[in-house]
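>>> after the sequence you'll find the predicted model.
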Amino acid sequence: MTKSALMDMMLVFAAFGVGIVVGLTGMGGGALMTPVLVLVFGVPPLAAVSSDLVASAVMKPVGSAVHLRRGTVNLELVKWLIIGSVPAAFSGVLILKWLGPGDAAQTTVKTALGAALLLAAGLLAVRAYLRLQERAKSRSGQGTGLPHARPLISARPLVTIVLGVFGGLVVGMTSVGSGSLIIIGLMMIYPGLKAGQLVGTDLVQAVPLVAAAAVSHSLFGELSLELTLPLILGSVPGVFLGAQLSSRLNGGFIRRALAVVLFASGLKMLGVDTLPTAILLAGAVLVAPFVWMAIRRSKGFPALATSEMRQRRSAAPSATHTLHSMERQP
């Protein structure tokens, strides 16, 4: 096997793994694939962003079609997001072009990518906290919580367009954000949206967003078809498999692992040496679980999610027994 063929096979497997994560969690495509290309395969940052965006433009419609069929998409919000994100994504590449060729542009992309990765890792923690807070309010009756029916959402055009502009600009420059930054923004602006509708709305708006960024990178970036084709071949079946596994595996564990990877990748992109990166990563891995357990207890939940799941399973038979007893009474 030639060195080129081995490289292509490794790219396919890497894209397949990233695709599984995207199918499981709805996020992590650009946030994982681009740093893998740069840090593992030694691809120049601008070429990595360009190729990853084109591959994502092929991958995104797979999940979007599923959510459109299920009706878990708020098309009104999609419209306002697209108005802001599409021109911003196209312009993000032009900003990189304006910076000029050579090392200056590559350094800018790498720095922007590192900052975006750290932001995405932090926003994953914010997302987890917001969902826990909604569950706590729902259980105590203090809020609407997580609705089971399709909620009525009043669109806020201006702030939604601003969110689209911010997300589009970041995606156009770094390929990160279509599945992480924007979905967190939607959670903050529209807390009434249930989880499936958040993911569905974000996925559908990401299709034209990523397509615009991909077209712009094809025209003005450093697109490499030799790099893009293996990414497509691996990511599309990976997304499909991940979507099938999403109902069987613990998505929360996957998201926590994703946050750790994003944090480490962001530090390396910003040029932090290996030893400080390892120390910061070890500190985060050791401290974060205890902080999260304290937060869960402050919201009235068991410290461990596994304990909560056992309580639910033990409560379910009791509730069923009580219902049957009532039905037998005259």
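Yep, it's here. Residues are numbered from 1 along each chain as shown.

>>> only C-alpha atoms from now on, for both contacts and neighbour counts.
OK.

>>> give me the contacts around stretch 45-59.
By CA atoms under 8 Å, 6 or more residues apart in numbering, the residues outside stretch 45-59 that reach it are 29-30, 33-34, 37-38, 105-106, 109-110, 173-175, 207, 210-211, 213-215, 217-218, 221-225, 227-229, 231-232, 235-236, 239.

>>> among those, which are in strands?
When the contacts of stretch 45-59 are checked against strands (DSSP state E), there are no matches.

>>> if any of those residues are buried, put those into a PyMOL selection.
Selecting only the buried entries of the contacts of stretch 45-59 in PyMOL, with 16 or more other CA atoms under 10 Å as the criterion:
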select buried, resi 29+30+33+34+37+38+105+106+109+110+173+174+175+207+210+211+213+214+215+217+218+221+222+223+227+228+229+231+232+235+236+239
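
>>> quick one: residues contacting residue 304.
Going by CA under 8 Å, 6+ apart, residue 304 touches 293, 296.

>>> to clarify, my last question referred to residue 292.
Going by CA under 8 Å, 6+ apart, residue 292 touches residue 303.

>>> that one: which element?
Element membership for residue 292, per DSSP states H and E: helix 274-298.

>>> same thing with residue 303?
Judged by DSSP H and E, residue 303 forms part of no helix or strand.

>>> would you confirm that it contacts residue 293?
Yes: with contact defined as CA atoms under 8 Å, residue 303 reaches residue 293; the gap is 4.5 Å.

>>> hmm, who's touching stretch 74-91?
155, 157, 160-173, 197, 200-202, 204-205, 208-210, 212-213, 215-216.

>>> how far does stretch 159-174 sit from its chain's centre?
15 Å (CA atoms, centre = their mean, to the nearest Å).

>>> then it to CSV, C-alphas only?
Extracted in CSV, the C-alpha atoms of stretch 159-174 (Å, rounded to 0.1, in the frame of the first residue of the first chain):
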residue,chain,number,x,y,z
VAL,A,159,-31.5,39.0,18.1
THR,A,160,-31.9,35.8,16.0
ILE,A,161,-30.3,37.5,13.0
VAL,A,162,-27.4,38.8,15.2
LEU,A,163,-26.9,35.2,16.4
GLY,A,164,-26.8,34.0,12.8
VAL,A,165,-24.3,36.7,11.9
PHE,A,166,-22.0,35.7,14.8
GLY,A,167,-22.3,32.0,14.1
GLY,A,168,-21.9,32.4,10.4
LEU,A,169,-18.7,34.5,10.7
VAL,A,170,-17.1,32.0,13.1
VAL,A,171,-18.1,29.0,10.8
GLY,A,172,-16.8,30.8,7.7
MET,A,173,-13.4,31.4,9.4
THR,A,174,-12.9,28.2,11.4
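
>>> got the contact list for it?
Residues outside stretch 159-174 that contact it (CA under 8 Å, 6+ apart) are 30, 49, 77, 80-93, 95-96, 109, 112-113, 116, 176-178, 181-182, 185, 189, 209-210, 213.
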